[in-house]
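# Show me how the following folds:
(2 chains)
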Amino acid sequence: MQNKTLFLTSAAAVAAATLLVGCATTPPGPTAAELDAQAMAMMKASFREQGIAKLDRIQQDLGQSACSSDKPPTEAVAKQVEAEALASIKWPTGGQYIGDWRAGERLAQDGRGMAWNNPSTDPKNNGGQCYNCHAIDKKEISFGTIGPSLWNYGKLRGVKDVTDPVSAPIVQYTWGKLWNSKAYAACSNMPRMGHMKLLDEQQIRDLMALLLDPKSPVNQ
Amino acid sequence: MRPIPFIAAALALALSAGAMAQEKTSADGIAEYRKMLQDGNPADLFEAKGEDLWKKARGPKNATLQKCDLGLGAGVVKGAWVQLPRHFADTNKVQDVESRLVTCMETLQGFNAEELIKTPFGSGEQNNITALATWIAAESRGQRFALPQNHAEEKRFYELGKRAFFFRGGPMDFSCASCHTEAGKRIRLQDLPELTKNPGDGVGFAAWPAYRVSNGQMWGMQLRLNDCYRQQRFPYPGFISDVTVALSVYMGVNAKGAQSIAPSIKR
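Below you'll find the predicted structure:
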């Protein structure tokens, strides 16, 4: 608040000085807050719905709006985003965390889903898009580098038996990360797979298996 | 259209060679492929079509576009591209090349701007706008980007574009910044330009319009941005809508000094 007042005061001083020397050709530009409001209005006015991509996609939740600038949110806001995300995680029915790594690999390869040219928002039509950003199975050389490598994900974390209570913390963390990545990093680049209904429970189980099952090629 | 299968095969070859020797990036593959083609970029065809369209009397007023002001005065084409988008006094709007062409086609040739804006990419007059933009860009080939930032509206659009660039939304929480704020990152094997600063000559903003080998289409920046938003899982950005022009101002100003290679060739 004080910064803003100071800024406004100095802006007024500059404007007054400009007037004094008699060359007030251009009015002072909009303030940062005014530009923020204008940008929001522009986003609302510039898009139209197309197919499954409706205009509600421009309505930001806190996790999105807090991470929409070149600066990170304040620590208090980041903590709030993370706490809300953690509370939103739906843990797997019957405590079943692990599915089939083969199905997981297929999902990880599949980058389809949720674009305006896709037929439906049903998770059954969606891939996990994992290789877009991560190295996973070493055999796949076409991988992205926005996220960290997941090669040997379970092995590096000492997972020898996914049902062993010793493995529970990493198994639960991984489920949470896949369900709502913002639980552990407010401005994570990773889509919130479960929370945003991009993937269903069984699909997340299959990705869990790809990452954690000692038999998965990822852990060889 | 005959050269396309050959081109696709040549690119596949260049890219697969890149994939086999893993240290070679897809950019190296594309650069090698560009070299192989030399004067054979199919964008040349769109460029020639654009030049013809510029000089041809068309539209309800049966007039040419030769009096169109692209920012450097009526009819001046050379050098105009590397200073767009910019503010135009007659419309009192910040306009990119495609927006400005719509204005000129309306005022000089008598086309209906609303109808032009509604025409889908790849059909009717939209194809002509793409060809015109391709030729206009080609007339500034080798020049360096220097978008003006003197007018208050140009400065305002830069700020709006910056905010749009970082705006996260949609079911995957993506913004332009999700992929384009760090150097050396990739999606699969596709190199991603860092667009918050000058990413280098002929990279990012300085590479479009471009001929896309994978689908045999010529894309201007408007279609490039449209497809970015599709991949971001956003709704559909209007053709020459404020968000698209503002993003172009943001990228273009950031690319100051970058040499334009447009029209280029892409995978």
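
# For chain B, which segments are assigned as helices?
Secondary structure of chain B (DSSP state H): helices at B:3-20, B:26-37, B:43-55, B:97-107, B:113-118, B:124-138, B:152-166, B:177-180, B:221-231, B:242-254.

# how close does residue A:147 sit to residue A:136?
Counting by C-beta to C-beta, to the nearest Å, the gap from residue A:147 to residue A:136 is 10 Å. Heads up, the C-betas are built off the backbone N, CA and C, glycines and all.

# any idea how far residue B:235 is from chain A?
To chain A, residue B:235 is 4 Å away according to C-beta to the nearest C-beta, to the nearest Å.

# And residue A:147 and residue A:136? Which one has more around it.
Neighbours per residue (other C-beta atoms under 10 Å in any protein chain shown) separate residue A:147 from residue A:136, with residue A:136 holding more: 27 against 18.

# List the contacts of the more buried one.
A:105, A:108, A:130, A:143, A:149-151, A:153, A:210-211, A:218 (C-beta atoms under 8 Å, 6 or more residues apart in numbering or on different chains).

# Next: residue A:181.
Listed by C-beta under 8 Å, 6+ apart, the contact partners of residue A:181 are A:85, A:188, A:190-193.

# and the helices of chain B, which one is worst for confidence?
Ranked by mean pLDDT, the helices of chain B end with helix B:3-20 in last place, scoring a mean of 45.

# where do the helices sit along chain A?
In chain A, helices defined by DSSP H lie at A:2-20, A:32-46, A:62-65, A:75-88, A:101-109, A:130-133, A:153-156, A:168-179, A:201-212, listed in chain order.

# Relative to residue B:161, how far out is the residue nearest to the spatial centre of chain B?
Nearest residue to the geometric centre of chain B (C-alpha atoms, centre = their mean): residue B:221, 2.5 Å. Here the distance between residue B:221 and residue B:161 works out to 12 Å (C-beta to C-beta).

# Pull up the overlap in contacts between those two.
With C-beta under 8 Å, 6+ apart as the test, residue B:221 and residue B:161 both reach residue B:248.

# Got the domain ranges for chain A?
Per automatic domain parsing, the structural domains of chain A span A:1-38, A:87-219.

# want to throw these into JSON lines with mean pLDDT and distance to residue B:265?
Compiled in JSON lines, the domains of chain A are given as follows (pLDDT from 0 to 100; distance: least, C-beta to C-beta, whole Å):
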{"stretch": "domain A:1-38", "mean pLDDT": "61", "distance to residue B:265": "37"}
{"stretch": "domain A:87-219", "mean pLDDT": "98", "distance to residue B:265": "21"}
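
# any chance of those domains in a markdown table, plus distance to residue A:47?
A markdown table is the format used below for the domains of chain A (distance: least, C-beta to C-beta, whole Å):
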| stretch | distance to residue A:47 |
| --- | --- |
| domain A:1-38 | 16 |
| domain A:87-219 | 10 |
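
# Just name the most buried of those domains.
Neighbour counts averaged per stretch over those are highest for domain A:87-219, at a mean of 18; criterion: mean count of other C-beta atoms under 10 Å in any protein chain shown.

# any idea how far that one is from the chain center?
Going by C-alpha atoms, centre = their mean, to the nearest Å, the spacing between the C-alpha centre of domain A:87-219 and its chain's C-alpha centre is 13 Å.

# Could you do stretch B:226-235 as well?
The gap between the average C-alpha position of stretch B:226-235 and the chain average comes to 16 Å, counting by C-alpha atoms, centre = their mean.

# Sort out which residues of that stretch are buried, please.
Going by neighbour count (16 or more other C-beta atoms under 10 Å in any protein chain shown), the buried part of stretch B:226-235 is B:226, B:228-230, B:232-235.

# and the end-to-end length of stretch A:161-169?
Distances were taken as C-alpha to C-alpha, to the nearest Å; on that basis the terminal residues of stretch A:161-169 are 13 Å apart.

# How about stretch A:135-149?
Per C-alpha to C-alpha, stretch A:135-149 runs 5 Å from first to last residue.

# correct me, but residue B:105 touches residue B:116?
Yes: the pair residue B:105 / residue B:116 is scored as a contact, 6.3 Å apart, by C-beta atoms under 8 Å.

# shared neighbours of the two, which are they?
When contacts are counted by C-beta under 8 Å, 6+ apart, residue B:105 and residue B:116 are jointly contacted by B:125, B:129.

# out of the two, which sits in the busier spot?
Applying other C-beta under 10 Å to residue B:105 and residue B:116 shows that residue B:105 carries more neighbours, namely 25 against 21.

# Roughly how far does the more buried one sit from chain A?
Between residue B:105 and chain A the distance, using C-beta to the nearest C-beta, works out to 21 Å.

# Count the residues that sit near the nearest residue to that residue once chain neighbours are set aside.
In space, residue B:105 comes closest to residue B:111 once its chain neighbours are excluded; the distance is 4.3 Å by C-beta to C-beta, 6 or more residues apart in numbering or on different chains. Residues lying near residue B:111 (other C-beta under 10 Å) number 20.
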